[in-house]
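Participant: requesting a structural model of the entry that follows:
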Amino acid sequence: MLNFRHSGILALSFLLVGGTITAADQNSWFKGNLHTHTLWSDGDDFPEMIIEWYKTNNYDFLTLSDHNTIADGIKWVSIDNDGRKAALAKYLSRWGTGWIEQGVTNEVTSVRLKTFEEFAPEFVERGKFLLMRGEEISARYLTAPVHLGAINVRELIEPRGGTSVVEVMQNNIDAVLEQRKRTGQPMFAHINHPNFRWAITAEELMQVRNERFFEVYNAHPHVYNDGDEQHAGTERVWDIILTRRLAELNLPVMYGIATDDSHRYHTIGFGKNNPGEGWIMVQAKELSPKHLIHAMEAGDFYASTGVTLKNVNRGKKTYTIEIDPEPGVEYMTKFIGTRKGYLSSNEPFRAPSGTPLRVTHNYSEDVGQLLAISTGTKAAYQLRGDEIYVRAKVYSTKRRYTEDSSEAKKGTGSVEEFESAWCQPLVTGVK
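Facilitator: The predicted structure is shown next:
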């Protein structure tokens, strides 16, 4: 187990600024997942069973985000393998034959999936649990899968194409924003798993307009959050796009979210793509789409794989964090950012022939540099005045998985052997 006191890393101590209360401090924390799959696309369980798992495991809000569908219309699924037969048995035991509509064709049982309008009223409780309709808009450019989460949509959005990865992203973002404007309903898009099949580079992601969110952590075992020798990890991508959007492209900040991207609900264990592995905590006035989305667009949330925070205050001069500790667990916070006057040159990776590869470029260590480290349950960073942005990541000594799963972890592309939390960037302004 990691021991931060003996890690050989210099711990810098800062005093917390006391007595400062922001508007967000008066709000509540709400836990939610924005990326969830069901039998409406490639998940392996019925929506009602999945929603109930999240609700009974202390989530406050959930979005079902199946590929290119919003759980509307008539859809029957064949119970044609052992996995689906086991899922149906659990579904029948919980919901009964009066709720479930079945049919048999050529001796194969089929079940009609309930629509969002049918199952949502069974779970939604004002102030206690919220369902937001969602869709994973699943488009592509050539061989690159370009996926976006569309949150709180009212109508199905057919995936848009384009002549580049950037154009595909932009066309689908614009479609979400067009529906938001036309319907008057709060909604937003987030870019999903940029490293899935190495689909999206930092140089492409940084160019999108009117986009504020991307998945810095996705719990699917094949999305390669950590990158590899030739591909930047999603945190490195985050620092590159923050630096260049804010300092060079005159585009706004982009926030990082964590999601389950859950598909499997019957076999639980490492690498099984289960629920409960990555989520966001939003500090909002109340549990409603309007207030959650407003808070997220202001950056009043953090992403987590297990660490819980009491407070995050991105002040004008000080960035402070207070952790809600677990007994026996130690914590370390890293403050990361880019300072003005950074070395902005970058180089593409090249094939042996010298041809540039379509992967994120190699940047100076000035971009996303370590600004300070603090150990313990309270951490603060005093701004020096030359930062373009500052973000924070909290590490813990609590393993996400047992020792027995360490061998299975190798080669999966999953990240974070220890529970962590990602706090949103504090943007100080660029001149």
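Participant: show me where the stretch 251-400 of the chain has helices.
Facilitator: 289-297 (DSSP state H, counting those that start in this stretch).
Participant: so residue 197, which of the three states?
Facilitator: Assigned by DSSP: H, G, I helix; E, B strand; the rest coil, the conformation of residue 197 is helix.
Participant: nearest residue to it in space, please, no chain neighbours.
Facilitator: Nearest non-adjacent residue to residue 197, counting by CB to CB, 6 or more residues apart in numbering: residue 145, 5.7 Å away. (C-beta placed from N, C-alpha, C; glycine too.)
Participant: got a list of what that neighbour touches?
Facilitator: Contact analysis of residue 145 by CB atoms under 8 Å, 6 or more residues apart in numbering lists 138, 139, 196, 197, 199.
Participant: so where's this protein uncertain?
Facilitator: Under the criterion pLDDT under 70, the flagged ranges of the chain are 1-25, 402-416, 430-431.
Participant: please enumerate the helices of the stretch 101-250 of the chain.
Facilitator: Under the criterion DSSP H, counting those that start in this stretch, the stretch 101-250 of the chain contains helices at 116-119, 165-183, 202-205, 234-247.
Participant: next, format these as CSV and append mean neighbour count and distance to residue 381.
Facilitator: Formatted as CSV, the helices of the stretch 101-250 of the chain follow (neighbours: other CB atoms under 10 Å; distance: least, CB to CB, whole Å):
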stretch, mean neighbour count, distance to residue 381
helix 116-119, 16, 43
helix 165-183, 19, 32
helix 202-205, 22, 24
helix 234-247, 23, 16
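Participant: returning to that earlier point: quick check: ChimeraX command selecting the buried ones in the contacts of residue 145.
Facilitator: The ChimeraX command for the buried members of the contacts of residue 145 (criterion: 16 or more other CB atoms under 10 Å) is given here:
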select :138,139,196,199
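Participant: Throw the contacts of residue 145 into TSV and include distance to residue 124, thanks.
Facilitator: Shown next, in TSV, are these (distance: CB to CB, whole Å):
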residue	distance to residue 124
138	26
139	30
196	31
197	35
199	34
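Participant: quickly list what the residue nearest to residue 197 is bridged to.
Facilitator: residue 140 (DSSP bridges).
Participant: okay, which residue is most central for the protein?
Facilitator: The residue lying closest to the centre of the chain (CA atoms, centre = their mean) is residue 258, at 2.5 Å.
Participant: for residue 271, state which of the contacts of residue 145 is nearest.
Facilitator: Nearest to residue 271 among the contacts of residue 145: residue 196, at 15.4 Å, using CB to CB.
Participant: for the residue nearest to the closest one when sequence neighbours are not counted, give me phi and psi.
Facilitator: Nearest non-adjacent residue to residue 196, counting by CB to CB, 6+ apart: residue 223, 4.6 Å away. As for residue 223, its main-chain torsions (degrees, to the nearest 10) stand at phi -110, psi -10.
Participant: gap between residue 223 and residue 87?
Facilitator: Per CB to CB, to the nearest Å, residue 223 is found 24 Å from residue 87.
Participant: before we move on, what about residue 378?
Facilitator: To residue 87, residue 378 is 45 Å away according to CB to CB.
Participant: which one of these two has more residues nearby?
Facilitator: Counted by other CB atoms under 10 Å, residue 378 and residue 87 do not tie: residue 87 has more neighbours, with 22 against 18.
Participant: secondary structure element for that one, which one?
Facilitator: helix 82-95 (DSSP states H and E).
Participant: on that earlier part again, quick one: the residue nearest to the centre of the chain and residue 216 touch, right?
Facilitator: Yes: counting by CB atoms under 8 Å, residue 216 is a contact partner of residue 258 at 6.8 Å.
Participant: list the residues that contact both of the two?
Facilitator: In contact with both residue 258 and residue 216: 303, 422, using CB under 8 Å, 6+ apart.
Participant: just to revisit the earlier point, would a markdown table of the helices of the stretch 101-250 of the chain with distance to residue 310 be doable?
Facilitator: Below are those laid out as a markdown table (distance: least, CB to CB, whole Å):
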| stretch | distance to residue 310 |
| --- | --- |
| helix 116-119 | 34 |
| helix 165-183 | 33 |
| helix 202-205 | 32 |
| helix 234-247 | 23 |
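Participant: of these, give the one that comes closest to residue 28.
Facilitator: Ranking the helices of the stretch 101-250 of the chain by their distance to residue 28 (criterion: CB to CB) puts helix 165-183 first, at 24.8 Å.
Participant: now the closest one - C-alpha only, PDB.
Facilitator: Provided in PDB are the C-alpha atoms of helix 165-183 (Å, rounded to 0.1, in the frame of the first residue of the first chain):
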ATOM      1  CA  VAL A 165     -13.100  14.000 -36.400                       C
ATOM      2  CA  VAL A 166     -13.400  17.700 -35.300                       C
ATOM      3  CA  GLU A 167     -16.300  18.200 -37.700                       C
ATOM      4  CA  VAL A 168     -18.100  15.100 -36.500                       C
ATOM      5  CA  MET A 169     -17.800  16.200 -32.900                       C
ATOM      6  CA  GLN A 170     -18.900  19.700 -33.700                       C
ATOM      7  CA  ASN A 171     -21.900  18.700 -35.800                       C
ATOM      8  CA  ASN A 172     -23.200  16.500 -33.000                       C
ATOM      9  CA  ILE A 173     -22.500  19.100 -30.300                       C
ATOM     10  CA  ASP A 174     -24.400  21.600 -32.400                       C
ATOM     11  CA  ALA A 175     -27.300  19.200 -32.700                       C
ATOM     12  CA  VAL A 176     -27.600  18.900 -28.900                       C
ATOM     13  CA  LEU A 177     -27.400  22.700 -28.500                       C
ATOM     14  CA  GLU A 178     -30.000  23.200 -31.300                       C
ATOM     15  CA  GLN A 179     -32.400  21.000 -29.400                       C
ATOM     16  CA  ARG A 180     -31.700  22.800 -26.200                       C
ATOM     17  CA  LYS A 181     -32.400  26.200 -27.700                       C
ATOM     18  CA  ARG A 182     -35.500  25.000 -29.500                       C
ATOM     19  CA  THR A 183     -37.100  23.200 -26.600                       C
END
